[in-house]
Every structure is written in structure tokens, then in C-alpha cells.
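**Student:** I would like to see how this sequence folds:
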Amino acid sequence: MDIKEKIIDYITKNRVSTTEVADCLGKAGAIEGVLPLNRGHFAVGEVQYLYAIQDSNWTVHEDLDKVPVADKVVLIDAIDVHGRAIIGDIVSKYILLYMGNKAIVCTGKMRDAHYLVKENYPIWCSGVSPVGCFNKPVDKAEFYKEIEERRKLFQGSVAVCDDSGVVIVPKEQVTEDFYDKLVKIELQEDIWYDCIDRKKWSTYRTICLKEYLSE
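**Tutor:** Below is the predicted model of the structure:
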């Protein structure tokens, strides 16, 4: 098991929250504006990066066909779509059920919300809209630099998704040191709850003064 698998396995088995993961990243890592479409889901996995440009979702279909992926968190980046929904029920079903991926994270909007909610799919997005992208070929040249920069940022990173949103652990921080931080923050949470629930300490004594360290 390599370090990425080790981190994913630890977060999954211990259900480490996005809040705790963000704390391990120095209170950073959240994808702003991206929230769960359906509550109660928890997903952790390596990111597979896709993107949409020029009001079209052609590149999403194209890349899924070129590089079939499974057991990933599929991140669809809305780069130039002007508020249009990127995908809806058919593509979501294909990605999650037929391809066997863990979750969909979209920095843009989704459509067919009634179906996505009914099926209770693990989807995180910036909102919903009945107005979708067009399905037409696009000229990628104008956006090549931005696409590659965004791909470098997300591809191969680790996504943690829960009711608070989505936190990305960058590739360069997928290390033994980060794993140790996860273990320590879980231990700290256990200690804090013990101090407050069992010892009946105040949050000030527990979290600010950390009086447990002197015991």
C-alpha cells in the first residue's frame, strides 16, 4: 500500500471529516462554493480531473471515453460555461454506476436535480440549473494553459467530501508527514471530547489552554 492509498484508507475507516482534514492543511484546502447536493454522503478518493469549456460539455464525454476511470472522485471543472449546468442524470449515472466511481465533484452546476436527488447520488456542486451546456465540439487552444494548470492542481490529489463540502489534499502533501497529522488530529479530538464530556472541563481549559498536556 503506497502513501496515497494509506491516507485514503485511514480517512475512510476513521471517517475523518473535511473539517479535520482542512485543519491538517493549515485550515485550507476547501473548494469554495461547492456543497453536497444530497446530505449524508461521505466520499474519499483520488481525483480524476475533467473540465468543461465554451458552454459545452463535449470535453467531459470525450475524456471519459478516452480514459475510462473507476474508483475515483471525478472532479468536473467549470472553466468557461457562464452558469450553465455541466451534466445531469444520464452522465451522472454513467460515471457513478456504470463506471464505478466514488463521487462526482463539480465546480459548476448540475441539472436534472429531481432525478439526482431521487437517486441520492454522492454529488457535490455549486448549485443546480435547468439550463445545461451544449453538446458541441470546442476549440481547446485558447484555454490550454488554464486547463493544464488546473489539471496539475487537481489530477492525482485526494478529495475528501462530506456534508461540509469538499477539501482537496494536494499531491505534494500526500506524504507520511500528512498521515501523521491525521492520526494526531484524531487523537486530539478524542482527548477534547473526553475532557469536555467526562471531566466536564470548559472549552477554554480544553482547547485554548490545553490543560490536559500537563496531566
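
**Student:** use CA for all of it now, contacts and neighbours both
**Tutor:** OK.

**Student:** ok, how many other residues are close to Glu32?
**Tutor:** 11 (other CA atoms under 10 Å).

**Student:** what ranges do the strands span in the protein?
**Tutor:** Using DSSP state E, the strands of the chain run over 35-36, 43-52, 73-78, 85-87, 103-106, 109-110, 123-125, 127-128, 158-162, 165-169.

**Student:** contacts for the fourth one, please.
**Tutor:** With contacts defined as CA atoms under 8 Å, 6 or more residues apart in numbering, strand 85-87 is touched by 52, 56-57, 78, 108-111, 128-133.

**Student:** could you dump these to CSV with distance to Val34 and pLDDT?
**Tutor:** Listed next are the contacts of strand 85-87 as CSV, based on distance: CA to CA, whole Å; pLDDT from 0 to 100:
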residue, distance to Val34, pLDDT
Ala52, 16, 97
Ser56, 20, 97
Asn57, 19, 97
Ala78, 12, 97
Gly108, 8, 97
Lys109, 9, 98
Met110, 11, 98
Arg111, 15, 98
Val128, 11, 98
Ser129, 14, 97
Pro130, 18, 97
Val131, 19, 97
Gly132, 18, 96
Cys133, 19, 96
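
**Student:** what is the mean pLDDT for stretch 159-179?
**Tutor:** For stretch 159-179, mean pLDDT is 97.

**Student:** quick one: end-to-end length of it, please.
**Tutor:** Taking CA to CA, to the nearest Å, stretch 159-179 runs 14 Å from one end to the other.

**Student:** also stretch 161-168?
**Tutor:** End-to-end distance for stretch 161-168, by CA to CA: 9 Å.

**Student:** and the helix ranked longest in the chain with strand 165-169, angle?
**Tutor:** Looking across the chain with DSSP state H, the single longest helix is helix 176-193. Interaxial angle, helix 176-193 versus strand 165-169 (axes from the mean of the first three to the mean of the last three CA atoms, to 10 degrees): 140 degrees.

**Student:** what residue of this protein is the furthest out?
**Tutor:** Glu215 (38.3 Å; CA atoms, centre = their mean).
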